[in-house]
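>>> Okay, structure incoming, though there's no sequence with it:
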């Protein structure tokens, strides 16, 4: 992994997205064999134009998903964030061993039975090229389980990192997404934008108006499961350059958090060369 200076920001329009959502492409002429990033729009000042979608709702794929229980119950221990490199600690952090490998295997078996749909091979204008299989549902109960029953809440609210999240953290985005990347599937360079959502309070007594600020990617498979390729790659200087990249390989049970919205880094999900990369996606939410 390369080391580099803090990124200088250049302009690129983003829309509500994900490394794993509907990423907006860049207009830097970047291409790969299977798709080309589409054009971006710049302002005269050179600043990015945020895109705000006020009433983002997930696709109603399934009314209620019977997620497997956390058995045995996950120990709510003190989780330690790991910054891939110190100079990007305010952009990307990792929680290794967030889930045990046994639970990851159980979830992969369960998720394989969900009605996943394949993304269109040809992106809409302005969107990054992406080919994968996905499932999406609104499930506040499962999002709360991830938040309250794993130690994640305590880790996020720790004094040492509480300043990172962009406001008062209230939980996770109920819009839960599942992604499967099989051989030859990928997500080209893009940015993730924020969304405005409603999040139930921890005790369920109220609905909190919130905004997403960080993407949360839970990897369920790794090289030990036969995955080759599929790395998540960040480019701190808003350009695709092998000399300025941070590569995060899929690691079973690891939670990757990266900042999105105006300060999102350009990133991609590289092509899977063998095996299947499975990811559960949600977002950190702050009160608005």
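Right, received. Where do you want to start? It should be emphasised that the depicted structure is a prediction, and the values quoted were computed from it without experimental measurement.

>>> Isn't residue 213 up against residue 168?
No. Applying Cβ atoms under 8 Å, one finds residue 213 not in contact with residue 168, separated by 10.7 Å. C-beta coordinates here come from the backbone N, C-alpha and C atoms, glycine included.

>>> check contacts around residue 210.
Counting by Cβ atoms under 8 Å, 6 or more residues apart in numbering, residue 210 touches 170-171, 196-199, 285-288.

>>> That one bridge partners, please.
residue 197, residue 287 (DSSP bridges).

>>> how far away is it from residue 201?
Remark: distance between residue 210 and residue 201 (Cβ to Cβ, to the nearest Å) = 11 Å.

>>> joint contacts of those two?
170-171.

>>> returning to that earlier point: widest-spaced pair of the contacts of residue 210?
Farthest pair in the contacts of residue 210 (Cβ to Cβ) is 171 and 196. Separation: 14.4 Å.

>>> Neighbour count for the two, which is higher?
Taking neighbours as other Cβ atoms under 10 Å, residue 171 and residue 196 compare with residue 171 leading, 27 against 16.

>>> quick one: contacts for that one?
Taking Cβ under 8 Å, 6+ apart, one finds 143-144, 147, 153, 199-202, 208, 210, 285 in contact with residue 171.

>>> Who has more neighbours out of residue 213 and residue 168?
Higher neighbour count among residue 213 and residue 168: residue 213, with 20 against 13, using other Cβ under 10 Å.

>>> Go ahead and confirm residue 81 touches residue 161.
Yes. Under the criterion of Cβ under 8 Å, residue 81 makes contact with residue 161 at 5.8 Å.

>>> list the residues that contact both of the two?
Common neighbours of residue 81 and residue 161 (criterion: Cβ under 8 Å, 6+ apart): 93, 155.

>>> that older thread, filter the contacts of residue 171 to the buried ones?
Among the contacts of residue 171, those classed as buried by 16 or more other Cβ atoms under 10 Å are 143-144, 147, 153, 199-200, 208, 210, 285.
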